[in-house]
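Participant: Provided below for reference: sequence and predicted model.
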Amino acid sequence: MALPAVKIALASTALHCAIALGPLLIYGIYKKSKAIILACLTVFALDLMQAGILFSPIPYPSALANLHYNWIQKGLVYILCAFIIWRSKKANECGLTIPNKPSGFGLALLVGALFAGIDLLFNQMDPMQIDRETVFFQLTMPGLEEEILYRGLMLYFLDKALGNRWKFLGVQFGWGAFITSALFALGHLMIFDQSFQIQIDPSPLAWVNQFFFALVMCWLRYYTNSAWTAVLAHNLDNGLMALKLYATR
């Protein structure tokens with residue numbers, strides 16, 4: 001019997017976290033580090049929360065019944081993440097502030113446009129599958145939810161436990177950036193199917209692109225001290241690609 005989508009999503013998420021967080025959790029247990037263990041468990045809980053909400057069959061109002069994207073679910077994940085940040089009084093640490101550099105949003109536009117060009121080179125999506133809803137969704141929702149979760153909350157908890165050891169292009173990087181980038185790539189390219197068989201994207205370029213994109217979003221978040229620049233770059237990347245494909249239908 002085929003598993004419901006939410007169970008597939010939760011199982012896939014557990015697998016992603018086992019791969020990306022498992023070694024760190026084992027290290028934390030070995031070192032008896034409560035901070036590392038708590039960070040791993042918190043990130044795992046946040047990832048499960050995301051999967052559970054995104055793939056839950058939430059009924060839409062009749063006026064929205066024809067929509068085929070999970071608008072409400074994406075919005076709920078963002079609202080919950082923003083609420084957690086607000087309650088913890090960590091808006092600055094999680095990047096829910098305006099960029100500390102005047103050029104922050106301009107840099108985000110440049111990064112988003114560059115990645116859109118890269119994605120268009122390797123894109124295998126059928127342009128006929130792109131409609132106006134797809135374009136509008138990609139221009140607004142993916143970055144709003146994913147950046148606040150991955151480059152906001154998750155990155156904050158891992159950086160707090162692990163610190164930022166290396167300086168690169170004007171920012172301090174740590175293991176948190178690599179771990180959240182691994183989770184991001186796994187979430188986009190590895191999933192269980194309806195028969196509970198693991199489906200892995202076979203393209204090495206897709207893995208490199210997803211992981212590198214996530215790392216650059218971390219860099220942008222650090223460099224501008226704001227997750228909103230990553231939101232803008234992410235949505236511009238997705239939206240420009242969808243818009244270009246829609247225009248070539």
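Facilitator: Arrived safely.
Participant: Just want the most central residue of this protein.
Facilitator: Nearest to the mean C-alpha position of the chain, by C-alpha atoms, centre = their mean, lies Glu146 at 3.5 Å.
Participant: C-terminal to the lengthiest helix in the chain, what's the next element?
Facilitator: Counting by DSSP state H, the longest helix found in the chain is helix 5-31. Moving toward the C-terminus from helix 5-31, the next helix or strand (DSSP states H and E) is helix 34-54.
Participant: what angle do the helix or strand following that following helix and helix 34-54 make?
Facilitator: Downstream of helix 34-54, the next assigned helix or strand under DSSP H and E is helix 71-88. Here the directions of helix 71-88 and helix 34-54 differ by 150 degrees (axes from the mean of the first three to the mean of the last three C-alpha atoms, to 10 degrees).
Participant: Flag every buried residue along helix 71-88.
Facilitator: Buried residues in helix 71-88, counting neighbours by 16 or more other C-beta atoms under 10 Å, are found at 71-74, 76-78, 80-82, 84-85. (C-beta placed from N, C-alpha, C; glycine too.)
Participant: before we move on, what about stretch 242-249?
Facilitator: Those buried within stretch 242-249 under the rule 16+ other C-beta under 10 Å are 242-246.
Participant: State the pLDDT value of Leu64.
Facilitator: Listed pLDDT for Leu64 reads 85.
Participant: buried set for the longest helix of the chain?
Facilitator: 8-13, 16-17, 20-21, 24-25, 28.
Participant: Kindly report the same for stretch 139-152.
Facilitator: Buried residues in stretch 139-152, counted by 16+ other C-beta under 10 Å: 139-152.
Participant: next one: stretch 49-56
Facilitator: So, applying 16+ other C-beta under 10 Å, buried residues of stretch 49-56: 49-55.
Participant: Correct me if wrong: Ala39 contacts Gly163.
Facilitator: No: look at Ala39 against Gly163 with C-beta atoms under 8 Å: they stay out of range, at 11.2 Å.
Participant: between those two, who's got more neighbours?
Facilitator: Between Ala39 and Gly163, counted using other C-beta atoms under 10 Å, Ala39 has the larger neighbour count: 25 against 11.
Participant: Roughly how far does the more buried one sit from Gly176?
Facilitator: 8 Å (C-beta to C-beta, to the nearest Å).
Participant: so what sits against both of the two?
Facilitator: Residues touching both Ala39 and Gly176 by C-beta atoms under 8 Å, 6 or more residues apart in numbering: 157-158, 161-162.
Participant: contacting residues around stretch 72-88?
Facilitator: Residues contacting stretch 72-88 (C-beta under 8 Å, 6+ apart): 46, 49-50, 53-56, 58, 60, 64, 91, 94, 96, 141-142, 144-145, 148-149, 152-153.
Participant: which one of the buried residues of stretch 49-56 is nearest Asp193?
Facilitator: Phe55 (13.8 Å; C-beta to C-beta).
Participant: Return the distance of the closest residue to the closest one other than its chain neighbours relative to Met49.
Facilitator: Leaving out its chain neighbours, the residue that sits closest to Phe55 by C-beta to C-beta, 6 or more residues apart in numbering is Ala9, at 4.0 Å. Look at Ala9 and Met49: by C-beta to C-beta, they are 11 Å apart.
Participant: same check, this time on Asn235
Facilitator: Here Asn235 is placed at a distance of 22 Å from Met49 (C-beta to C-beta).
Participant: Can you list the low-confidence ranges for the protein?
Facilitator: Applying pLDDT under 70 to the chain flags the ranges 1-4, 123-126.
Participant: Let's see that with 50 instead.
Facilitator: 1-2 (pLDDT under 50).
Participant: coming back round to it: let me know the closest of the buried residues of stretch 139-152 to Leu110.
Facilitator: If you rank those by distance to Leu110 using C-beta to C-beta, Gly143 comes first, at 15.3 Å.
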